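Peer 1: Predicted model and sequence below, questions to follow.
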Amino acid sequence: MTRKRSRIIAVIMLITAAVFIVIALNNPQAVFPWSNTITYSLYGIYAVVMTVMFIAPFRRNR
């Protein structure tokens, strides 16, 4: 994956997360049909993938 593509994907993921947070804060009555443990796990996985996509372009190719 090219560096530019990785950065673009990371920025799109960051924007998507920000939009999701704004929508979630404006609709506190909405819930997911599963437990909070699953929800927090999905948030954590999303954050890790987004972080890797941001960091990956700065690593040196060996």
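Peer 2: Cool, got the structure. Remember, it's a predicted structure, so these values are computed and weren't measured experimentally.
Peer 1: most centrally placed residue in this protein?
Peer 2: Compute the mean C-alpha point of the chain, and by Cα atoms, centre = their mean the closest residue is Y46, 4.0 Å away.
Peer 1: Isn't that one up against I21?
Peer 2: No: if you go by Cβ atoms under 8 Å, Y46 and I21 don't touch, sitting 11.7 Å apart. Glycine gets a C-beta too; all of them are placed from N, C-alpha and C.
Peer 1: Show me the shaky parts of this protein.
Peer 2: 1, 59-62 (pLDDT under 70).
Peer 1: how does it look with 80?
Peer 2: 1-3, 25, 28, 30-32, 56-62 (pLDDT under 80).
Peer 1: Which parts of it are helices?
Peer 2: Along the chain, the stretches classed as helices by DSSP state H are 3-26, 36-55.
Peer 1: packing partners for the first one?
Peer 2: Just to be clear, that refers to helix 3-26. helix 36-55 (3 or more Cβ pairs under 8 Å, 6 or more residues apart in numbering; DSSP states H and E).
Peer 1: so how far is the helix it packs on from its chain's centroid?
Peer 2: Distance, stretch centre to chain centre, for helix 36-55: 6 Å (Cα atoms, centre = their mean, to the nearest Å).
Peer 1: got the CA positions of it in CSV?
Peer 2: The C-alpha trace of helix 36-55 is given here as CSV (Å, rounded to 0.1, in the frame of the first residue of the first chain):
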residue,chain,number,x,y,z
ASN,A,36,-21.2,-2.3,25.8
THR,A,37,-18.3,-4.7,25.9
ILE,A,38,-18.7,-5.5,22.2
THR,A,39,-19.2,-1.8,21.4
TYR,A,40,-16.0,-0.7,23.2
SER,A,41,-14.1,-3.5,21.6
LEU,A,42,-15.1,-2.3,18.1
TYR,A,43,-14.1,1.2,19.1
GLY,A,44,-10.7,0.0,20.2
ILE,A,45,-10.1,-2.0,17.1
TYR,A,46,-11.2,1.0,14.9
ALA,A,47,-8.8,3.2,16.8
VAL,A,48,-5.9,0.8,16.5
VAL,A,49,-6.4,0.3,12.7
MET,A,50,-6.6,4.1,12.2
THR,A,51,-3.5,4.7,14.2
VAL,A,52,-1.6,2.0,12.2
MET,A,53,-2.7,3.7,9.0
PHE,A,54,-1.4,7.0,10.2
ILE,A,55,2.0,5.5,11.4
